[in-house]
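Q: dropping a prediction and its sequence here:
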Amino acid sequence: MKRLLFAVVSATILSGCLYTNTRFPLDEDLWQTELGSKVGVASSHSVAWLVAWGDAGTKKAAENGGITVVNHMDMGIESYVFGLYVRRDTIVYGD
C-alpha cells in the first residue's frame, strides 16, 4: 500500500517534469478569429539553462510562412527533463 501511495504522490508531483508539450493562443477574441490560408513557424531553443539560440519572433514566423497580414498567433513550448532542453515556437496564421 505504501508503494502505491508513493507512486501516486510521485506521479502527481513530477507530472510534466520529464516531458511537456503545450500550445496556447496569443489572442483574446478567439470567436472572431479567421486563421487565413498560410502558417508560419519560428523557433528558439535553450539547453541546460546556459545556451540559447534562434529567433521565435512574430516577424520571423511571418517571413517563414510568406505571410504579410497576421490574423492569429499561437505559442508552443516543448520541454524535456526539468527544462534541460526547451523549444519555443511562435506560430502565425494569415495571408
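A: The structure has been received and is ready for your questions.
Q: Cys17: neighbouring residues, count only.
A: Cys17 has 12 neighbours, counted by other Cβ atoms under 10 Å. Where you see a C-beta, it was placed from the backbone N, CA and C, and this is true even at glycine.
Q: same thing with His45?
A: Counted with other Cβ under 10 Å, His45 comes out at 14.
Q: contacts for the helix or strand hosting it next, please.
A: Per DSSP states H and E, His45 falls inside strand 38-47. With contact meaning Cβ atoms under 8 Å, 6 or more residues apart in numbering, strand 38-47 is reached by 52-58, 60-67, 83-95.
Q: inside helices: which ones of the residues you listed?
A: The helices, defined by DSSP state H, take in Thr58, Lys60, Ala61, Ala62, Glu63, Asn64, Gly65 from the contacts of strand 38-47.
Q: between the residues you listed, which sits nearest Cys17?
A: Ala61 (28.3 Å; Cβ to Cβ).
Q: bridged to the residue nearest to the closest one when sequence neighbours are not counted, which residues?
A: Spatially, and ignoring its direct neighbours in sequence, Ala61 is nearest to Ala42 (3.8 Å; Cβ to Cβ, 6 or more residues apart in numbering). Following DSSP bridges, Ala42 is listed with bridge partners Thr90.
Q: now swap in the one 5 residues further on and tell me
A: Partner residues in beta bridges with Val47: Val51, Tyr85, with DSSP bridges as the criterion.
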